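Novice: What would the 3D arrangement of this be:
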Amino acid sequence: MKKILAFLLVPGAILLFPKIALAHCPLCVAGAAAGVTLTRWIGVDDSITGVWLAAFLGAMSLWLSSRLKPVYKPYIYLVIFATTIWSFYKFQLVIRMTQIFGFDKLTFGMITGGVLFYLVDLIRIKHYFNYQKIAISLGSMAILSMAIYILINYYI
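Specialist: Numbers count the residues shown, from 1 in each chain. Sure, this is the predicted structure:
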């Protein structure tokens, strides 16, 4: 009876007393995925959708790499992006109608957003307020989205 009681209490104790809280949590990743799905559904340009998809993939890769050694972080980041872009072409999710600088719009957005998201993660600045890292990441993605919108509508 004691073994059964211990078997039932130990998992509960682990859930009640977590070790650490991570900045890139699964809930944030799921929210980003829902946002990307919504943008495709309401007709947002694929390049801007690609920027936010890159933020989703970046958050997912940083969340995954936080559990591993820091040396693996860039490799995990690249593998997740490469396999996602490959699968989009493999299953014909990329619309090949218009291009920006030789890339399909979704691929262009994913590459630019991925590079910016990774660079923002590398920045080490003084901590001024709670959730600053997430605010800076989201702000940089919003600024990049506006820049791509201006690029598409006024220069291409």
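
Novice: you'd agree residue 121 is up against residue 62?
Specialist: Yes - in this structure residue 121 lies within contact range of residue 62 using C-beta atoms under 8 Å: 6.4 Å. No exception for glycine: its C-beta is placed from N, CA and C like everyone else's.

Novice: Name the residues contacting each of the two.
Specialist: Common contact partners of residue 121 and residue 62 (C-beta atoms under 8 Å, 6 or more residues apart in numbering): none.

Novice: Would you state the strands of this protein in chain order?
Specialist: 99-100, 103-104 (DSSP state E).

Novice: how far does the last one sit from the chain's center?
Specialist: Which is strand 103-104. Averaging C-alpha positions (C-alpha atoms, centre = their mean, to the nearest Å) puts strand 103-104 20 Å from its chain's average.

Novice: contacts for it?
Specialist: By C-beta under 8 Å, 6+ apart, the residues outside strand 103-104 that reach it are 46, 94-96, 98, 111.

Novice: can you give me the helices in this protein?
Specialist: Under the criterion DSSP state H, helices of the chain are mapped to 2-16, 26-42, 46-65, 73-90, 105-122, 132-150.
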